[in-house]
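Enquirer: the following block contains a protein sequence and its predicted model.
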Amino acid sequence: MSGSESNVRISDVIPNFIDTAVNFMASTQAFREYLHNAPRTDITPAGLSDDKARHYFECLSYYREIYQPVSRQR
């Protein structure tokens, strides 16, 4: 193994990758709602565990606060 190689195992990276994907799904849903390309929905995306579903809705709420018309922002 050369000095530039890492000892990171894929099992160490997967949880961060999943959290990033869930965050991306939530931001995409909120932005599509903002653009009126998707209806506002509080349905859990298929395949998410309970803890990832909670994370999704926390992120979705956060992004909905960001993606709203200027007149509605605080």
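Expert: Arrived safely. Numbering: from 1, shown residues only.

Enquirer: C-alpha only now, for contacts and for neighbours.
Expert: OK.

Enquirer: any idea how many residues pack against S27?
Expert: Residues within reach of S27, counting by other Cα atoms under 10 Å, total 21.

Enquirer: and the gap between it and K52?
Expert: In this view, S27 and K52 are 14 Å apart by Cα to Cα, to the nearest Å.

Enquirer: biggest helix in the chain by residues?
Expert: Ranked by number of residues, the top helix in the chain under DSSP state H is helix 10-34.

Enquirer: could I get the average pLDDT for that helix?
Expert: For helix 10-34, the mean pLDDT works out to 93.

Enquirer: what are the buried residues along that helix?
Expert: V22, N23, M25, A26, S27, Q29, A30, F31, E33, Y34 (16 or more other Cα atoms under 10 Å).

Enquirer: thought the second one was touching Y56?
Expert: Yes: taking Cα atoms under 8 Å as the contact criterion, N23 and Y56 are neighbours in contact, 6.4 Å apart.
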